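Visitor: Here you go, sequence then predicted model.
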Amino acid sequence: MAKEVIKIMVSSAVYGYENEIQQICTVINSYSNSKYEYKTLNSHIGSIPPIPGLSNADSCLRAVEDCDYFFGVILPRYGSGITKDEFDKAIELDKPRGYLSHYTVRIARDILAQYMYLDIKTRERNLDFKFKPTPIFQDARIIDMYNEAIKDGEPIEERKWAQEFGHSSGDALVFVEALFGDIERFKTDLDKLTK
């Protein structure tokens, strides 16, 4: 009997983190049992087919629609914006989702909040705030992605978790193991969310 495939979309964030993305996808794909197996959808590893007549960005958005679970990776680089579009699509579709976030994103968020907002508690924007890219952190829009991912400002019981990584080599894979390693449990939890 064929195994049921659980499609995990790993967001397209990649520049400067190609090895980490490759490892994440490889590890997720390695988990299976007699009933289930994962298939990661990710542009970097080539598992998202370019759909004839659609742009690369639209092919990635189609993969978000087709996946069973969206796994967003938030990095200190903004890139082309495809990752942001994927995040927005996953949120719009209310896809079951989880996030990894490079630790520098939270640090930048904490430091820049005093400048980005007139009132930190209400997140009232400071329209005069301008951010200049640095080698460590590229774009303040990454903070908006992070806030949207974790549902910042929502009641605590509705918020999402963004697991930090980048403190030490391989720490992202510890979370990947915790989330995806027990495929039977993951499938049971996923089924509860989609019913």
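Guide: On my side now, so go ahead.

Visitor: pLDDT score assigned to M1?
Guide: We have a pLDDT of 66 for M1.

Visitor: mind showing which ranges of this structure have poor pLDDT?
Guide: 1, 14 (pLDDT under 70).

Visitor: and the spatially most central residue of it, what element?
Guide: Centroid-nearest residue in the chain, with Cα atoms, centre = their mean: G72, separated by 0.7 Å. G72 belongs to strand 69-74 when assigned by DSSP states H and E.

Visitor: how about that strand: buried residues?
Guide: 69-74 (16 or more other Cβ atoms under 10 Å). (C-beta placed from N, C-alpha, C; glycine too.)

Visitor: on that earlier part again, contacting residues for the residue nearest to the centre of the chain?
Guide: Residues in contact with G72, defined by Cβ atoms under 8 Å, 6 or more residues apart in numbering, are 11, 13, 83, 86-87, 90, 97-100, 149.

Visitor: quick check, nearest of the residues you listed to F165?
Guide: When these are ranked by distance to F165 (Cβ to Cβ), L100 comes first, at 5.4 Å.

Visitor: Give me the buried positions along the helix or strand harbouring I28.
Guide: Element membership for I28, per DSSP H and E: helix 18-30. By neighbour count on 16+ other Cβ under 10 Å, the buried set for helix 18-30 is 20-21, 24-25, 27-29.

Visitor: Check what contacts the following helix or strand past it and list those residues.
Guide: Using DSSP H and E, the helix or strand that follows helix 18-30 in sequence is strand 36-41. With Cβ under 8 Å, 6+ apart as the test, strand 36-41 has contacts from 3-10, 24-25, 28-29, 31-32, 47-48, 63, 66-67, 180, 183-184, 187.

Visitor: Report the inter-axis angle for whatever helix or strand comes next after strand 36-41 versus strand 36-41.
Guide: Using DSSP H and E, the helix or strand that directly follows strand 36-41 along the chain is helix 56-66. Put simply, helix 56-66 runs at 160 degrees to strand 36-41, going by axes from the mean of the first three to the mean of the last three Cα atoms, to 10 degrees.

Visitor: now for helix 56-66, which elements pack on it?
Guide: strand 4-10, helix 82-92 (3 or more Cβ pairs under 8 Å, 6 or more residues apart in numbering; DSSP states H and E).

Visitor: With distance to L173 and mean neighbour count added, can I get the ones you listed in CSV?
Guide: Shown next, in CSV, are these (distance: least, Cβ to Cβ, whole Å; neighbours: other Cβ atoms under 10 Å):
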stretch, distance to L173, mean neighbour count
strand 4-10, 13, 20
helix 82-92, 20, 19
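
Visitor: Throw the ones you listed into JSON lines and include distance to R141, thanks.
Guide: Converted to JSON lines, the helices and strands packed on helix 56-66 look like this (distance: least, Cβ to Cβ, whole Å):
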{"stretch": "strand 4-10", "distance to R141": "20"}
{"stretch": "helix 82-92", "distance to R141": "7"}
